[in-house]
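# No letters, just coordinates:
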């Protein structure tokens, strides 16, 4: 596509001369004053605007202001016969990418136009990247409509703009890092770095060096100075996952940062002041670790300024169908495979499953299902036995009572389980299921009317 250029100049011979010089490589439009330029900018987008500074009526600085307020903002070049440093500085402050003096050197103008087009392309790419990041890590990226999850999102929205330290608690696989990223993206630090450190994955000595950095010669193998994650996160957010695993010495250094907003590299003695927002996460009970003498109480209170507790997936079962549909679609697209759908019985079974590994386990299930089944519909009979009520109990010894799975006092729970297993075993044949359970077909119909989620039969 040919780049579009708008030339704004009250001198007719100047604007027409520039149009003639540029016409071979650019789509050139002309305006004799700022008002004409405003009308053209409202009517169509331009890649570059070249405007005179001094014109009757509104000046070229007003043209810059108008151009840079547009949704699809063009690059702007300023030209004037009154070239001086004050004018150039003011034009650049307003947002012009460069400055030309009259009479305009065409070769110089061509160079500046190419540079301006590259600048505009880069700005578009950066804006699109930020939009993709915002889409990925904003609240819409946290899937679910359950009341428990909405409470979490509301709390994240409330505290994200603050500078407060955040402690995110939850079982493994509940999405603690995703919440930390959402906190970062919703904060004034969103354009700064987001640095994550998984504390449990590193030994004590490596973790201190990784977080705080080290000076050359501070220990064997330290052949050069290393900048730690704290310094890398300056102006942004540092996320420390599994904070309950850090050693006492690292706890002391972390406490010092929270009290002074400064760190010292390993082997160093000079404090380094930093502007870092700390978000910590754990799947352990820090209060119990404090009582056990394994975690500093003063550090716990410093970390626990704002607490966000993520519910396990079993406590927001209404979100499971949405998550399953989302990840099945993602993995089908990633693997370039036909879409995999869930039959009603499979969806009911998976929604009733406890998902001890939480969202991480659900993601893995979806990827496995997509790769193994290559599209089509996944039925309840295709699911592993663990999703269908747990591991089959061992056979009872001769003369012994049959073992009972789950709460032995819950007759309804066991009856539901037995009915489900019977239907699965006979692949949904109601007559055979009734015979297998020793009940009439009418009784089976009544049970299915009571528990419709179990109704995966052939009718």
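Cool, got the structure. Quantities reported herein were computed from a predicted structural model and do not represent experimental measurements.

# Mind pulling the model confidence for residue 130?
Looking at residue 130, its pLDDT is 56.

# Over to the one 4 residues further on?
Reading off the confidence values, residue 134 has pLDDT 50.

# Also the one 3 residues further on?
At residue 137, the pLDDT value in this model is 49.

# Also residue 440?
75.

# excluding its backbone neighbours, what's nearest it?
Spatial nearest neighbour of residue 440, chain neighbours left out: residue 434 (6.2 Å); criterion: CB to CB, 6 or more residues apart in numbering. For every residue, glycine as well, the C-beta is placed using N, CA and C.

# Which phi and psi values does that neighbour adopt?
phi -60, psi -40 (degrees, to the nearest 10).

# What is the burial count for it?
Other residues lying near residue 434 total 20 when counted by other CB atoms under 10 Å.

# Regarding residue 354, what are the backbone dihedral angles?
Torsion angles, degrees, to the nearest 10, at residue 354: phi -80, psi -20.

# Double-check it against residue 314; I have them as touching.
Yes - counting by CB atoms under 8 Å, residue 354 does reach residue 314; the two are 4.7 Å apart.

# quick revisit: next, the contact list for the residue nearest to residue 440, please.
440, 441, 443, 444 (CB atoms under 8 Å, 6 or more residues apart in numbering).

# just the buried members of the residues you listed?
residue 444 (16 or more other CB atoms under 10 Å).

# was I right about residue 247 contacting residue 204?
Yes - Residue 247 lies in contact with residue 204 (CB under 8 Å); the separation is 4.3 Å.

# residues shared between the contacts of those two?
Common neighbours of residue 247 and residue 204 are not found (criterion: CB under 8 Å, 6+ apart).

# quick one: contacts for residue 23?
Contacts of residue 23 (CB under 8 Å, 6+ apart): none.

# From residue 111, how far out is it?
Separation of residue 23 from residue 111 (CB to CB, to the nearest Å): 18 Å.

# Same check on residue 47?
Residue 47 sits 16 Å away from residue 111, going by CB to CB.

# what's the answer for residue 261, then?
46 Å.

# what does residue 248 give?
61 Å.

# now residue 271
Taking CB to CB, one finds residue 271 at 47 Å from residue 111.

# Over to residue 308?
For residue 308 relative to residue 111 (CB to CB), the value is 53 Å.

# what about those two, which has more around it?
Neighbour count, other CB under 10 Å: between residue 308 and residue 111, residue 308 has more, with 21 against 12.

# phi, psi of the more buried one?
With angles defined as degrees, to the nearest 10, residue 308 sits at phi -120, psi 120.

# Who does it form a beta bridge with?
residue 168 (DSSP bridges).

# what sits against it?
Neighbouring residues of residue 308 by CB under 8 Å, 6+ apart: 152, 155, 156, 159, 166, 167, 168, 169, 179.

# which of the residues you listed tops the neighbour count?
Scoring those on neighbours with other CB under 10 Å, the highest-scoring entry is residue 168 at 27 neighbours.

# got a pLDDT number for it?
If you check residue 168, the pLDDT there is 97.

# contacting residues for it?
Counting by CB under 8 Å, 6+ apart, residue 168 makes contact with 176, 179, 180, 279, 280, 281, 282, 308, 310.

# Name the member of these with the most neighbours.
With neighbours taken as other CB under 10 Å, the top of the contacts of residue 168 is residue 279, carrying 28 neighbours.

# Work out for me the element it sits within.
In the assignment (DSSP states H and E), residue 279 maps to strand 277-282.

# Which strands or helices does that strand pack on?
Packing partners of strand 277-282 (3 or more CB pairs under 8 Å, 6 or more residues apart in numbering; DSSP states H and E): strand 166-169, helix 176-185, strand 237-241.

# Present these as TSV; the columns should include distance to residue 74.
Shown next, in TSV, are the helices and strands packed on strand 277-282 (distance: least, CB to CB, whole Å):
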stretch	distance to residue 74
strand 166-169	41
helix 176-185	28
strand 237-241	34
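
# between those, which gets the lowest average pLDDT?
Among those, helix 176-185 scores lowest, with a mean of 93.

# Hey, what's the angle from that one to strand 237-241? Just curious.
Helix 176-185 and strand 237-241 are oriented at 170 degrees to each other (axes from the mean of the first three to the mean of the last three CA atoms, to 10 degrees).

# and the next element down the chain from helix 176-185?
In N-to-C order, the element after helix 176-185 by DSSP H and E is strand 194-198.

# Give me the buried stretch members for whichever helix or strand comes after that following strand, please.
Counting by DSSP H and E, the element after strand 194-198 in chain order, helix or strand, is helix 204-212. Neighbour counts over helix 204-212 (16+ other CB under 10 Å) mark 207, 208, 209, 210, 211, 212 as buried.

# separation between the third one and residue 282?
Distance from residue 209 to residue 282, counting by CB to CB: 22 Å.

# Over to the last one?
Spatial separation of residue 212 from residue 282 under the definition CB to CB is 20 Å.

# same deal with the fourth one?
In this structure, residue 210 and residue 282 are 18 Å apart, going by CB to CB.

# can you count the residues close to residue 116?
Residues lying near residue 116 (other CB under 10 Å) number 23.

# For it, give me its contacts.
47, 48, 75, 76, 77, 97, 98.

# does the third one have beta-bridge partners, and which?
In this structure, residue 75 has beta-bridge partners residue 48, where bridges are defined by DSSP bridges.

# Hmm, it is touching residue 122, no?
No - using CB under 8 Å as the test, residue 75 is too far from residue 122 to be in contact (10.2 Å).

# Among these two, which residue is more densely surrounded?
residue 75 (27 against 10).

# show me what contacts the more buried one?
Going by CB under 8 Å, 6+ apart, residue 75 touches 47, 48, 49, 97, 116, 117, 119, 120.

# Tell me the secondary structure at residue 77.
Per DSSP: H, G, I helix; E, B strand; the rest coil, the secondary structure class of residue 77 is strand.

# Next: residue 40.
Classified using three-state DSSP, residue 40 is helix.
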